[in-house]
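In: Task: produce atomic coordinates for the following.
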Amino acid sequence: MHYIFWPEQYLPGTTDNYCSNEVIIAGLSSDEVWPYLSNPFAWPKYYSNSSDIEFDNNGGPEFTADSRFRFRTFGFPIEAEITEFVPPSEGGPARLAWHGWAEGDEETRLDVIHAWLIEDLPGGRVRILTQESQIGKPAQELAKAKPNPMINGHQDWLEGLADAAKNKLAIG
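Out: Residues are numbered from 1 along each chain as shown. Sure thing, here's the model as predicted:
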């Protein structure tokens, strides 16, 4: 199976918080899942922790390799830019990653890399992996919270994404 590519500064185990979530689902392909992830306007339809999506420079509604966007999640207003954009292809996984940040001072600034990997597996199955590595005081606080809001929130996102693709939720 494939894995997430990390910039050295965000290497898991070296940051203030890290979470990893994964599902493997029969009866779906990466081509069926990709449109629900690569169009952030679809996110609030299946993931309640995402809102207020906007693109910079008249971008969207789907991501491109150079997209800049903003959204709200986990109570943070996040500015973001795509750092990896690889649509599904035969023989390789789809990849989507962004650097996101919440502006602030030393106490409130948050920097993250949020990465996704979607790969087809034998037997008509798809694997969806999402991982996030965070830096900043808010990340330190999130890491201490029990239950972990990042793990639980991202699991909701994964399950909602899979359900949206499986049920062919209308995006537009």
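
In: where along this structure do the strands fall?
Out: Using DSSP state E, the strands of the chain run over 17-26, 51-55, 68-73, 76-86, 94-102, 110-121, 125-135.

In: For residue 153, find the nearest of those strands.
Out: Closest to residue 153 of the strands of the chain, according to CB to CB: strand 68-73, at 7.8 Å. No exception for glycine: its C-beta is placed from N, CA and C like everyone else's.

In: in the closest one, what counts as buried?
Out: Across strand 68-73, burial judged by 16 or more other CB atoms under 10 Å covers 69, 71, 73.

In: dump the residue contacts of the closest residue to the second one other than its chain neighbours.
Out: Of all residues beyond its chain neighbours, the one nearest residue 71 is residue 53 (4.6 Å), with distances taken as CB to CB, 6 or more residues apart in numbering. When contacts are counted by CB atoms under 8 Å, 6 or more residues apart in numbering, residue 53 touches 40, 41, 43, 44, 69, 70, 71.

In: which phi and psi does residue 64 have?
Out: In terms of degrees, to the nearest 10, the main-chain angles of residue 64 are phi -130, psi 180.
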